[in-house]
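J.: Any chance you could fold what I've pasted below:
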Amino acid sequence: MGPRMTRPAPKSFHVKSFGCQMNAYDGARMAELLEAQGLTAADSPEAAELIVLNTCHIREKAAEKVYSDIGRIVKRAEGGKPMIAVAGCVAQAEGAEIPHRAPAVDIVVGPQAYHNLPQLVADAAAGKRALDTDMPAASKFDVLPKRRRQGPSAFLTVQEGCDKFCTYCVVPYTRGAEISRPWRAIVDEAKALVDAGAREITLLGQNVNAWSGEDEKGRAQGLDGLIRELDTLPGLDRIRYTTSHPNDMSDGLIAAHGDVAKLMPFLHLPVQAGSDRILKAMNRSHDVASYLRLIERVRAVRPDIAVSGDFIVGFPGETEADFEETLAVVRQVEHAFAFSFKYSPRPGTPAATMAEQIDPDVMDDRLQRLQALLNEQQHGFNLATVGKRCEVLIERDGKRPGQRIGKSPWLQSVIVEDGPAIGELVTVYIVAAGPNSINAVIAERQAA
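T.: Predicted coordinates for the structure are as follows:
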């Protein structure tokens, strides 16, 4: 990234985040950083003088999609190109290659360095090189501003990075080693989020249940201890966590699902495949039997829990028999919903150079069959909740006047009529269910 012409510092910004909830959290934190520097958030990229593309590297051809997005921004620009920053995991993976391929990019910043974004913006305005993909030992969280006004549901990152090295995954290379944030920092941020209006907090991590630390009395704690501490926060009504690894599903965390009322009956626990042979090739460190035992144990303490997962089809060497084993696991677990993807090679990962790469047409066929089963299960789960009474946290407006949308305890999207206020926790009866959402009528309300 060579020298550039100086330019006025941007006065407005727009952050566009792709991918996982951790990216959504990072995007919100970058917005808070920029607002703390006096910049104003713009409603659209077209209205912004600085555009931050907060990228994800999990999906297929992620880098190519970023370059396409940059091209569209430049093409739409009127009255001068906005300052463009590429952040997130694609920035970490591609580094200096990004401005080489896309000279319109002014800033490149990785997910462990975005706390330096204000300085990078100033450097770019001054015509200096603005690239930072370091993974410093010092926590970026220590220099981020305090949390600002929140909606009723908020994300809180407690753990980052991954030491699992699944053979298909780039996260260890783009997010770094597993790091747990300190107990006190997490509790303080949770309190700030509640003070700012959050009634539900979702704890985030690449392997969130690998979180570990010491409480204020010096006692060793796992994620279950942190959840129990947050359970005591006045004004916090709901706790969730994602994404989990089966290897880190502790006895204490399983027990918490049975006796912490604020911990919602929802578990996202990816198995990825139903064949032990493929799981070993993926370096997943669990087998099908151990995974199914975990699901049984959680359901024993919380029978109504909604189970979600991730699946990859077409991993190198996957046979039709292997795939049928995946379908068998899906039938046995019965998911409330799940994410499913075709395998796609990531440069630098062991799986990318494995023999027996699967034909794309075969992958397409398997994915369609898997998704048909998962969609059937999701619809079935939704239908099974019809007639139930539950609480819904209202999060946003619906399409029609007086219509609101919120989340059930099982993370379903719930459409509620009669105009409850955003932030209300209302008791409803579920009256109808479709494949992707459910309809409910209000029984009682609890004011925020």
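
J.: hang on, residue 365 is in a helix, isn't it?
T.: Yes - applying DSSP: H, G, I helix; E, B strand; the rest coil, one finds residue 365 inside a helix.

J.: Kindly provide the distance from the residue lying closest to residue 76 once chain neighbours are set aside to residue 347.
T.: Among residues not flanking residue 76 along the chain, residue 46 sits closest, at 6.3 Å (Cβ to Cβ, 6 or more residues apart in numbering). The way it works is simple: take the backbone N, C-alpha and C, and place the C-beta from them, glycine included. Distance, residue 46 to residue 347, by Cβ to Cβ, to the nearest Å: 33 Å.

J.: just checking, residue 69 touches residue 54?
T.: No - using Cβ atoms under 8 Å as the test, residue 69 is too far from residue 54 to be in contact (11.3 Å).

J.: Out of the two, name the residue with the larger neighbour count.
T.: More neighbours surround residue 54 than the other of residue 69 and residue 54, with 27 against 19 (other Cβ atoms under 10 Å).

J.: burial count for the closest residue to residue 152 other than its chain neighbours?
T.: Spatially, and ignoring its direct neighbours in sequence, residue 152 is nearest to residue 423 (4.4 Å; Cβ to Cβ, 6+ apart). As a burial measure, residue 423 scores 18 neighbours (other Cβ under 10 Å).

J.: that older thread, quick one, phi/psi of the residue nearest to residue 76?
T.: phi -60, psi -30 (degrees, to the nearest 10).

J.: measure stretch 281-297 end to end?
T.: 26 Å (Cα to Cα, to the nearest Å).

J.: From the rest of the structure, what touches it?
T.: With contact meaning Cβ atoms under 8 Å, 6 or more residues apart in numbering, stretch 281-297 is reached by 164-168, 246-247, 249, 254, 269, 271-276, 279-280, 307, 312, 315-317, 325, 329, 332-333, 350-351, 354.

J.: any idea how far residue 48 is from residue 39?
T.: Residue 48 sits 9 Å away from residue 39, going by Cβ to Cβ.

J.: Need the residues touching each of these two.
T.: Jointly contacting residue 48 and residue 39 under the rule Cβ under 8 Å, 6+ apart are 10, 12, 13.

J.: re the thing from before, so which of the contacts of stretch 281-297 sit within helices?
T.: Per DSSP state H, helices hold the following members of these: 254, 276, 279, 280, 325, 329, 332, 333.

J.: Please give me every residue in contact with the first one.
T.: Applying Cβ under 8 Å, 6+ apart, one finds that residue 254 lies in contact with 294, 297, 298, 301.

J.: Apart from its neighbours in sequence, what residue is nearest the last one?
T.: Distance criterion Cβ to Cβ, 6+ apart; nearest residue to residue 301, sequence neighbours excluded, is residue 258 at 3.0 Å.

J.: Just want to check the distance between that neighbour and residue 233.
T.: Going from residue 258 to residue 233 by Cβ to Cβ gives 20 Å.

J.: Compare those two (neighbour count), which wins?
T.: Neighbours were counted for residue 258 and for residue 233 using other Cβ under 10 Å; residue 233 has more, 17 against 14.

J.: Contacts only, for the more buried one.
T.: Counting by Cβ under 8 Å, 6+ apart, residue 233 makes contact with 190, 191, 194.

J.: Quick check on the residue lying closest to residue 123 once chain neighbours are set aside: phi, psi?
T.: Leaving aside its sequence neighbours, residue 123 sits nearest to residue 130 (Cβ to Cβ, 6+ apart; 4.4 Å). With angles defined as degrees, to the nearest 10, residue 130 sits at phi -130, psi 80.

J.: need the contact list for residue 130.
T.: By Cβ under 8 Å, 6+ apart, the residues touching residue 130 are 1, 106, 107, 108, 109, 120, 121, 123, 124.

J.: Among the residues you listed, which one sits closest to residue 337?
T.: Minimum distance to residue 337 across the contacts of residue 130 is 33.0 Å, recorded for residue 109 (Cβ to Cβ).

J.: Just list whatever residues bridge to that closest one.
T.: Counting by DSSP bridges, residue 109 is bridged to residue 87, residue 132.

J.: From what I see, it and residue 140 are in contact.
T.: No - Residue 109 lies out of contact with residue 140 (Cβ under 8 Å); the separation is 10.7 Å.

J.: Looking at those two, which has the bigger crowd around it?
T.: residue 109 (27 against 17).

J.: residue contacts, the more buried one?
T.: By Cβ under 8 Å, 6+ apart, the contact list for residue 109 reads 85, 86, 87, 91, 116, 117, 120, 130, 131, 132, 133.

J.: Just flag the most distant two among these.
T.: Longest span within the contacts of residue 109, Cβ to Cβ: 86 and 116, 14.2 Å.

J.: which one of the two has more residues nearby?
T.: Remark: of residue 86 and residue 116, residue 86 carries more neighbours, 27 against 20, as counted by other Cβ under 10 Å.

J.: what residues are up against that one?
T.: Residues in contact with residue 86 (Cβ under 8 Å, 6+ apart) are 53, 55, 66, 70, 94, 98, 105, 107, 108, 109.

J.: Flag the shaky bits of the chain, pLDDT-wise.
T.: 1-4, 58-62, 77-79, 136-138, 149, 444-448 (pLDDT under 70).

J.: Check which residues of stretch 434-441 are buried.
T.: 438, 439, 440 (16 or more other Cβ atoms under 10 Å).

J.: could you dump these to CSV with secondary structure?
T.: Putting the buried residues of stretch 434-441 into CSV (three-state DSSP) gives the following:
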residue, secondary structure
438, strand
439, strand
440, strand
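
J.: who touches stretch 15-24?
T.: Counting by Cβ under 8 Å, 6+ apart, 26-28, 30-31, 34, 41, 45, 51-56, 58-59, 62, 69, 88-89, 155, 157, 160, 202, 204-206, 242-243 sit against stretch 15-24.

J.: Just the buried residues from these, in ChimeraX please.
T.: Buried subset of those, written as a ChimeraX selection, criterion 16+ other Cβ under 10 Å:
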select :26,27,28,30,31,34,45,51,52,53,54,55,56,58,62,69,88,89,155,157,160,202,204,205,206,242,243
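
J.: and residue 389, what are its bridge partners?
T.: Residue 389 has the following beta-bridge partners by DSSP bridges: residue 429.

J.: Make 29 the first number, not 1, from now on.
T.: Let's use 29 as the start, then, which means that last one is residue 417.

J.: ok, it to residue 458 distance?
T.: Using Cβ to Cβ, residue 417 is found at 8 Å from residue 458.
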